[in-house]
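Undergrad: need the 3D shape of this:
(chains A and B)
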Protein chains: 2
Amino acid sequence: MDQPSPTACILVVGNEILSGRTKDTNSGWLAERLTKLGIRLREIRTIPDVAETIVAVVNEVRAKYTYVFTSGGIGPTHDDITAECIAKAFGVPWELNLEARAILRSNYASDDDLTPARLRMATLPRGAALIANPVSKAPGFRMENVYTMAGVPRVLQAMFDGIAGELVGGPVLLAHSVVGNVAEGRIADGLAALQARHPDLDVGSYPNVRPDGSFRNAVVLRGPDRARLATVAREVVSLIEGLGGTASDEPPL
Amino acid sequence: MDQPSPTACILVVGNEILSGRTKDTNSGWLAERLTKLGIRLREIRTIPDVAETIVAVVNEVRAKYTYVFTSGGIGPTHDDITAECIAKAFGVPWELNLEARAILRSNYASDDDLTPARLRMATLPRGAALIANPVSKAPGFRMENVYTMAGVPRVLQAMFDGIAGELVGGPVLLAHSVVGNVAEGRIADGLAALQARHPDLDVGSYPNVRPDGSFRNAVVLRGPDRARLATVAREVVSLIEGLGGTASDEPPL
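TA: Below is the predicted model:
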């Protein structure tokens, strides 16, 4: 199934996600965007605001994947340690970035407004390329293949929109779903045979319980060719109908 | 800040999460439950349906954390490979579990209904202790400190409810929030001083953009003692009001 596509990892930095207080929506949003760009997301990792952990994990994953996207920990407060950790991971100084300082300065009336806390948001790894923040100015930044972005969803999304054009994707994998009312246990043998017949596609089966307690099962075919997915989807529909079920065919958008 | 508390890692197994098609809600739900049990969640990792990856990551994290909870990949279809991978990780056979078979059998009219696909759900690592599934019968299982559960949220939640009583927690960390309308950049120095004065508490600062474009900032104090959190929360309120802002104090439930 493996294509020579670029790969990615998302690192979510933040105690508030691990405590359950804040629900991470950034990963799901980025996952959809990366899929549409033809970049295969291979890992999402959420880690605490602990410097040694952030440094070690950044160095592990930046060697392993084409792209790394981090979310969270680049604000002005004492618990915002991501930028400093990225500098450590790359073995470069963490220092005032004059371009970032100028961007922040333009947001305020006078130099006096550039408090030490605010200047923390302009203190970046040496060599960082800035990522624009059209929402609240304080920029994200890129070091080689590591893109460091804010945790606030609206800011992260705006930052990603600004960099998406520079990412290099591979073939886009489309997902064609067939949703049926035949239990997984009855359709499983047929699906395994289908996967074996079509090794170029990725055949997934995802059951769900609806609020009324009834089950539905989504068979998802993934591959780059829309017409081919549609052809194989008809086989899935036949499989479900042959087992006495009904199916709805949902082509990719 | 570190307490001698039990730690945990959540492993989410599934291509459908990495593609962005399905949004992971299990991690956030489990994170809240673990926090309330006094178990410190230290990592959430989402990985693909790739056997070598699952085996390697399970072995990495089960050595590192008190508890590991996995979600997904234990159904009857060809892409459900978690149980087989857990067996490999523990170096034990993956074989029919008679207790699990009996549970599945009770769900059907005759032995003929126990198709090879359904029996896959009763094929477990040797030595596995079953985790009851009151929703759809097919059990999860525990191997030492690794709890393997379903990916369907309703099933995962029911499984976790069944095992929560056997988990050993430490002191429960409560989260006391003070939400204010002073920007992080202005409150940051005061918060750093507050954190320095109260090293026994964990002081976090989480900005958010509201739909109307305005900002709010939540200062979250974490610690085991409700009264002490309330005392320090009053300092946060004073800090915000001293900067000309307004604050609402939200004690833990």
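Undergrad: give me the residue from the stretch 151-253 of chain A nearest chain B.
TA: Closest approach of the stretch 151-253 of chain A to chain B (Cβ to the nearest Cβ) occurs at A:Ala188, with a separation of 3.2 Å. For the C-beta atoms, the positions are set from N, CA and C on the backbone; glycine is no exception.
Undergrad: close to chain B, is stretch A:131-140?
TA: Yes: counting by Cβ under 8 Å from any Cβ of the partner chain, chain B has neighbours in stretch A:131-140: A:Val135, A:Ser136.
Undergrad: follow-up on the earlier one: now do the contacts for the residue lying closest to the residue of the stretch 151-253 of chain A closest to chain B once chain neighbours are set aside.
TA: Excluding the flanking residues, the one nearest A:Ala188 by Cβ to Cβ, 6 or more residues apart in numbering or on different chains is B:Ala117, at 3.2 Å. For B:Ala117, the contact set (Cβ atoms under 8 Å, 6 or more residues apart in numbering or on different chains) comprises A:Glu184, A:Gly185, A:Arg186, A:Ala188, A:Asp189, A:Ala192, B:Pro76, B:Thr77.
Undergrad: which of the residues in stretch A:129-136 are buried?
TA: With burial defined by 16 or more other Cβ atoms under 10 Å in any protein chain shown, the residues of stretch A:129-136 counted as buried are A:Leu130, A:Ile131, A:Asn133, A:Val135, A:Ser136.
Undergrad: stretch A:169-177 now?
TA: A:Gly169, A:Gly170, A:Leu173, A:Leu174, A:Ala175, A:His176, A:Ser177.
Undergrad: kindly report the same for stretch A:108-126.
TA: In stretch A:108-126, residues buried by neighbour count (16+ other Cβ under 10 Å) are A:Leu114, A:Ala117, A:Arg118, A:Leu119, A:Arg120, A:Met121, A:Ala122, A:Thr123, A:Leu124, A:Pro125.
Undergrad: ok, for the last one, nearest residue in space, not its chain neighbours?
TA: Spelled out, it's A:Pro125. Nearest to A:Pro125 is A:Ala87, by Cβ to Cβ, 6+ apart, at 3.7 Å.
Undergrad: kindly indicate whether that neighbour is helix, strand or coil.
TA: Judged by DSSP: H, G, I helix; E, B strand; the rest coil, the three-state class of A:Ala87 is helix.
Undergrad: other residues contacting the strand or helix carrying A:Asp189?
TA: Per DSSP states H and E, A:Asp189 falls inside helix A:184-197. Helix A:184-197 is contacted by residues A:180, A:201, A:203, A:205, A:207, A:217, A:219, A:232, A:235-236, A:239-240, A:242-243, B:75-79, B:115-118, B:120-121 when judged by Cβ under 8 Å, 6+ apart.
Undergrad: so of those residues, which ones are in strands?
TA: A:Gly180, A:Val203, A:Ser205, A:Pro207, A:Asn217, A:Val219 (DSSP state E).
Undergrad: quick one: which of the residues you listed is most hemmed in?
TA: Highest neighbour count within the ones in strands among the contacts of helix A:184-197, by other Cβ atoms under 10 Å in any protein chain shown: A:Val219, with 27 neighbours.
Undergrad: so that residue touches A:Val203, yeah?
TA: Yes: if you go by Cβ atoms under 8 Å, A:Val219 and A:Val203 touch, sitting 6.9 Å apart.
Undergrad: which stretches of chain A form strands?
TA: A:7-13, A:40-47, A:67-71, A:94-96, A:123-125, A:129-131, A:140-143, A:146-149, A:174-180, A:202-209, A:215-223, A:247-250.
Undergrad: looking at the ones you listed, which is buried most?
TA: Highest mean neighbour count of the strands of chain A: strand A:67-71, a mean of 28 (counted as mean count of other Cβ atoms under 10 Å in any protein chain shown).
Undergrad: low-confidence ranges in the stretch 1-150 of chain A?
TA: Along the stretch 1-150 of chain A, segments meeting pLDDT under 70 span A:1-3.
Undergrad: what about the helices in it?
TA: A:15-18, A:26-36, A:51-64, A:82-90, A:98-105, A:116-120 (DSSP state H, counting those that start in this stretch).
Undergrad: let me know which of those helices is the nearest to B:Ala150.
TA: helix A:26-36 (19.5 Å; Cβ to Cβ).
Undergrad: so how far is that closest one off the chain centroid?
TA: 4 Å (Cα atoms, centre = their mean, to the nearest Å).
Undergrad: burial of the residue of the stretch 151-253 of chain A closest to chain B, as a residue count?
TA: A:Ala188 has 24 nearby residues by other Cβ under 10 Å.
Undergrad: swap in A:Lys36?
TA: A:Lys36 has 15 nearby residues by other Cβ under 10 Å.
Undergrad: residue contacts, the nearest residue to A:Thr82 once chain neighbours are set aside?
TA: Spatially, and ignoring its direct neighbours in sequence, A:Thr82 is nearest to A:Gly73 (3.4 Å; Cβ to Cβ, 6+ apart). Counting by Cβ under 8 Å, 6+ apart, A:Gly73 makes contact with A:Val13, A:Gly14, A:Asp49, A:Ile54, A:Asp79, A:Asp80, A:Ile81, A:Thr82, A:Ala83, A:Cys85, A:Gly151.
Undergrad: specify which member of those is nearest to B:Met159.
TA: Distances from B:Met159 to these, taken by Cβ to Cβ, are shortest for A:Gly14, at 26.7 Å.
Undergrad: give the contact list for that closest one.
TA: Neighbours of A:Gly14 in contact, by Cβ under 8 Å, 6+ apart: A:Thr22, A:Thr46, A:Pro48, A:Asp49, A:Ser71, A:Gly72, A:Gly73, A:Gly151.
Undergrad: ok so, going back, now the angle from the helix holding A:Asp189 to strand A:202-209?
TA: Interaxial angle of helix A:184-197 relative to strand A:202-209 (axes from the mean of the first three to the mean of the last three Cα atoms, to 10 degrees): 170 degrees.
Undergrad: how about helix A:184-197: buried residues?
TA: Buried, per 16+ other Cβ under 10 Å, within helix A:184-197: A:Glu184, A:Gly185, A:Arg186, A:Ile187, A:Ala188, A:Asp189, A:Gly190, A:Leu191, A:Ala192, A:Leu194, A:Gln195.
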